[in-house]
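> could you work out the structure for the sequence below:
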Amino acid sequence: MSTAVTQHQMVEGWAGSHWQLDRAQSSAEFRVEHFWGLITVAGHFDRFDGTLDVDADGTPLIALTIDAASLDTGNATRDRHLRSVDFFAVTEHPEVHFNSSDVTDTDDGVLQVSGELEAAGKRIPISADARLRPLDQQTIEIEATATADHRQLGMTWSPLGMLRPPATLHVKARLARRTNTASAGGDRQ
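Residues are numbered from 1 along each chain as shown. Prediction:
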């Protein structure tokens, strides 16, 4: 049976480690209310990547990169509109990025992850509640949910105010420990 891991436990056992997202075992989904909250539009991203680096001093850093053009709501017309300049502007800004700046243990099995979300050429601070579970010595799972006011990212299209903030992003990521930890953290910006 897996249990949540506190930041303190991460510091003790994972200092200097690097974890890589397993795309086949992970998901990135979004939801937003439409028609004044009467309908929820839900979708997912097909292509994304992520890492968890734990520095030698035990500081965890989380990075997530999403291919914005890979969004899929099950409606091709809506998906084309979401890829347009009204929303993600994927031609000019093909990727969505999240980079953590702080991870705080709330002592109840939940990690509070703060960082910066970049989408459609804009950046905003964002926080997420995350649960981290070890599956075995080499595999962990992180499940996190965050909300963001998409209007702060320039996604203001909403005739008659039909599109309601916030948008919710839910990520369930399975990560495998990399055996070569010499490069851990070397590719961070």
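
> going by C-alpha atoms from here, please, whenever you check contacts or count neighbours.
Noted.

> near Leu52, how many other residues are there?
22 (other C-alpha atoms under 10 Å).

> wait, I meant Thr73
Using other C-alpha under 10 Å: Thr73 sits among 17 other residues.

> and for Thr77?
9.

> state the phi and psi torsions of it.
phi -70, psi -50 (degrees, to the nearest 10).

> least confident secondary structure element in this structure?
helix 7-14 (a mean of 58; mean pLDDT, DSSP states H and E).

> tell me the helix or strand right after that helix.
Toward the C-terminus, helix 7-14 is succeeded by strand 18-21 as the next helix or strand (DSSP states H and E).

> quick check: what element follows that next one along the chain?
strand 27-34.

> show me what the next helix or strand along the chain from that following strand is packed up against.
Reading on from strand 27-34 to the C-terminus, the next helix or strand found by DSSP H and E is strand 39-45. Applying 3 or more C-alpha pairs under 8 Å, 6 or more residues apart in numbering; DSSP states H and E, one finds that strand 39-45 makes contact with strand 27-34, strand 71-72.

> skipping its backbone neighbours, what lies nearest Ala63 in space?
Asn99 (4.5 Å; C-alpha to C-alpha, 6 or more residues apart in numbering).

> the one you found - how many residues pack around it?
22.

> name the residues linked to it by a beta bridge.
Per DSSP bridges, the residues bridged to Asn99 are Ala63, Glu116.

> for it, what are its contacts?
Contact partners of Asn99, counting by C-alpha atoms under 8 Å, 6 or more residues apart in numbering, are 61-64, 115-117.

> got it, and Gly74?
Here Gly74 is in contact with Gly43 (criterion: C-alpha under 8 Å, 6+ apart).

> please begin residue numbering at 365 from this point
Got it, the first residue is 365 from now on, which makes the last one we talked about Gly438.

> from Pro489, how far out is it?
For Gly438, the distance to Pro489 equals 29 Å [C-alpha to C-alpha, to the nearest Å].

> ok so, going back, for PyMOL, write a command that selects the buried ones of the contacts of Asn463.
Here is the PyMOL command that picks out the buried ones among the contacts of Asn463, judged by 16 or more other C-alpha atoms under 10 Å:
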select buried, resi 425+426+427+428+479+480+481
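
> closest to Leu446 out of the contacts of Asn463?
Closest approach to Leu446 among the contacts of Asn463 (C-alpha to C-alpha): Leu481, at 17.5 Å.

> so that closest one makes contact with Val460?
Yes - taking contacts as C-alpha atoms under 8 Å, Leu481 lies within contact range of Val460: 7.4 Å.

> find residues that contact each of those two.
Common neighbours of Leu481 and Val460, counting by C-alpha under 8 Å, 6+ apart, are absent.

> for Ala531, which non-adjacent residue is spatially closest?
Leaving aside its sequence neighbours, Ala531 sits nearest to Val396 (C-alpha to C-alpha, 6+ apart; 4.6 Å).
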